[in-house]
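Participant: Please find the sequence and the predicted model below.
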Amino acid sequence: MGSGAKPGRVLVVDDDGGIREFVRTVLLEEGYDVAEATDGRDALERAKTMRPDVILLDMRMPVMNGWEFARMYRERPGPHAPIVIVTAALDVAKDARDIGADGFLAKPFQLDDLLDLVGRHVATPG
């Protein structure tokens, strides 16, 4: 983090603990403040208190999936963080369009692609 830039807040929503841990570790090393959620319902609660700058969202999760989370999150009073889908689905671009996501990243992803995507959305004033 150069030039005294304030790190952003990232909410990682994925039911796969290994993915969450990997993404959290990488983002923490880059200076981001990271919170994790195991499903959409958990993410709605965390988003209330955290006010993330960007949400990295898996689509297929138990309890509450990514589609339900996106709809309920956007029904709340704003401001709303950009949502970036991170999923192994073959139709990730379609899923992103369906929920009006601000971006997407297909699993497995490259580390540089993850950092570029998060950096782009955190740097954009919301």
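Facilitator: Here it is on my side, so go on.
Participant: Buried residues in the helix or strand of the chain with the lowest mean pLDDT, which are they?
Facilitator: Every helix and strand of the chain was ranked by mean pLDDT, DSSP states H and E. The lowest is helix 92-99, at a mean of 87. Neighbour-count burial for helix 92-99, with 16 or more other Cβ atoms under 10 Å as criterion, is recorded at 92, 95-96, 99. Yep, even glycine has a C-beta here, placed from its N, CA and C like the rest.
Participant: Quickly note the distance from the nearest residue to residue 30 once chain neighbours are set aside to residue 122.
Facilitator: By the measure of Cβ to Cβ, 6 or more residues apart in numbering, the closest residue to residue 30 outside its immediate chain neighbours is residue 115, 6.3 Å from it. Noted for residue 115: a distance of 10 Å to residue 122, by Cβ to Cβ, to the nearest Å.
Participant: between these two, which one's more packed in?
Facilitator: For residue 115 and residue 122, the more surrounded residue by other Cβ atoms under 10 Å is residue 122, and the numbers stand at 22 against 15.
Participant: Rebuild the buried residues of helix 92-99 as CSV, extending it with distance to residue 27.
Facilitator: As requested, the buried residues of helix 92-99 are exported to CSV (distance: Cβ to Cβ, whole Å):
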residue, distance to residue 27
92, 20
95, 22
96, 20
99, 22
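Participant: got the contact list for the spatially most central residue of the chain?
Facilitator: Nearest to the centroid of the C-alpha atoms of the chain, with distances taken as Cα atoms, centre = their mean, sits residue 56, at 1.3 Å. Residues in contact with residue 56, defined by Cβ atoms under 8 Å, 6 or more residues apart in numbering, are 10-14, 23, 84, 86, 105, 118.
Participant: That one in helix, strand or coil?
Facilitator: Secondary structure of residue 56, reduced to three states by DSSP: H, G, I helix; E, B strand; the rest coil: strand.
Participant: Any idea what it is bridged to?
Facilitator: For residue 56, the beta-bridge assignment (DSSP bridges) gives partners residue 12, residue 84.
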